Each structure stands twice: as structure tokens, then as C-alpha cells.
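Q: Here is a sequence together with a model predicted from it:
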Amino acid sequence: MIESEKNNTQVGAWNLCLNFLHRLFEPCVSIALFFMMALTFVDVISRYLFNSPIVGALELTEFSMAIVIFLGLVLLTAQEGHVTVDLLDSFIPEKIKAIQKVIINLINLVIMVVISWQLWIKAEDAAEYGDRTEYLFMPLSPLIYFMSIMVGISGLILFFIMINSLKMEK
């Protein structure tokens, strides 16, 4: 197989993977966000009209917020949409910009791995101690495991972005 065909195949597989993530996670983010909005609306109405707030609404909102944030992290990472500051970009030569991108992605990757690892440890502790929410008694460990896995997937995406930028550099 010719090298350019091999790279095109790899890029095609990468794009298929990213499309799969978007098709899977975007509806989940939308549903969680809509649930948060509807819950808050109903909670406010029931609080002010009937003087009876929804029990556990805050806990459900917090769980939904975690889902939105951590699924959104994966989507944002896949689009390379993180906030960047380009104060020095006009002074850096083009050849060094590619190396700079690899170094930044490597730093981000290490941070993602550490965060995922620490979240996993926290989830194990929560499972061991049986940590639950105050009003609805929902277990916390599944949510923390979910957060750890999503950060891990973001780290994996960063790894592939870094590998692809190394290949483009050659």
C-alpha cells in the first residue's frame, strides 16, 4: 500500500470514529440539558405557585450538569475546540508551531490522564464507602466512574490528535 493511501485510510478511520462520538454524545448532551431546563422550570413553578419544590431537584440538576460537562468535554476535545491564547504565535516560526502543538497536546494529555486516574480513585472510594446523595440516596460512584471514563476518552482523543499532528509534521 502506498504511504499516502495508508494515511488517507487512517484519516478516514479517525473521521469515522469522531462522527460516531458526535452521533452518540450530542443527543445525550441535548437530552440532559433539556432535562435540566425542564426540571428547573417545573421546580420554580411548583415552588412559587404551590409552595412545594421538587424533592431532590438540586441533586438531579447536579447529575445532569456533570453529564453535560463531561460529554461536552469529549465533543470539544474531538473538535479541538479548547480555548487557546495566541499571544506568541506571531513571533514563533512555522516550523516550531508544529512542535509547539505537539508539546501542548502532550501536556494536556498528561493532565487528562492524571484527572481521569484521580477521578477513578475517588469513584472507588465512593463505591467502597457507599456514598449517596442526601435526598434521593442515589449512589455517587457510577457518576464519578462516568466522569473518569469521559476524561479518559478525551485524553485518548488528545493522544490521537498528537499522533496525527506528528504525522503531518513529517
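A: That came through fine.
Q: Quick one: distance of the strand or helix carrying Leu39 to the chain centre.
A: Assigning secondary structure by DSSP states H and E places Leu39 in helix 3-50. Taking the mean C-alpha point of helix 3-50 and that of its whole chain, the gap between them comes to 10 Å (CA atoms, centre = their mean, to the nearest Å).
Q: Now the element after the least confident helix or strand in the chain by mean pLDDT, going C-ward?
A: Evaluated with mean pLDDT, DSSP states H and E, the helix-and-strand set of the chain has its lowest mean pLDDT in helix 3-50, which scores a mean of 84. Along the chain past helix 3-50, the next helix or strand (assigned with DSSP H and E) turns out to be helix 57-78.
Q: angle of that following helix against helix 3-50?
A: Using axes from the mean of the first three to the mean of the last three CA atoms, to 10 degrees, one finds that helix 57-78 and helix 3-50 are set 160 degrees apart in direction.
Q: Output the contacting helices and strands for whichever helix or strand comes after helix 57-78.
A: Past helix 57-78, further along toward the C-terminus, the next helix or strand under DSSP H and E is helix 94-129. If contacts are counted by 3 or more CB pairs under 8 Å, 6 or more residues apart in numbering; DSSP states H and E, helix 94-129 sits against helix 141-169. Glycine gets a C-beta too; all of them are placed from N, C-alpha and C.
Q: Residue ranges in this protein under the pLDDT threshold?
A: Judged by pLDDT under 70, the chain has its weakly predicted residues at 1-11, 168-170.
Q: Could you report the neighbour count for the nearest residue to Leu18 once chain neighbours are set aside?
A: With sequence-adjacent residues excluded and distances taken as CB to CB, 6 or more residues apart in numbering, Leu18 is closest to Ala78, at 5.0 Å. A count of neighbours around Ala78, defined by other CB atoms under 10 Å, yields 21.
Q: how about the residue nearest to Leu21 when sequence neighbours are not counted, what does it touch?
A: Counting by CB to CB, 6+ apart, Ala78 is the residue found nearest to Leu21 once chain neighbours are left out, at 5.6 Å. Listed by CB atoms under 8 Å, 6 or more residues apart in numbering, the contact set of Ala78 reads Leu18, Leu21, His22, Ile157.
Q: so the third one makes contact with Leu75?
A: Same thing as His22. Yes. The pair His22 and Leu75 passes the contact test of CB atoms under 8 Å, sitting 6.5 Å apart.
Q: neighbour-wise, which of the two wins?
A: When neighbours are counted by other CB under 10 Å, His22 and Leu75 differ, and Leu75 comes out ahead with 19 against 14.
Q: My read is that Met36 contacts Phe63, right?
A: No. Under the criterion of CB under 8 Å, Met36 lies out of contact with Phe63, with a separation of 9.3 Å.
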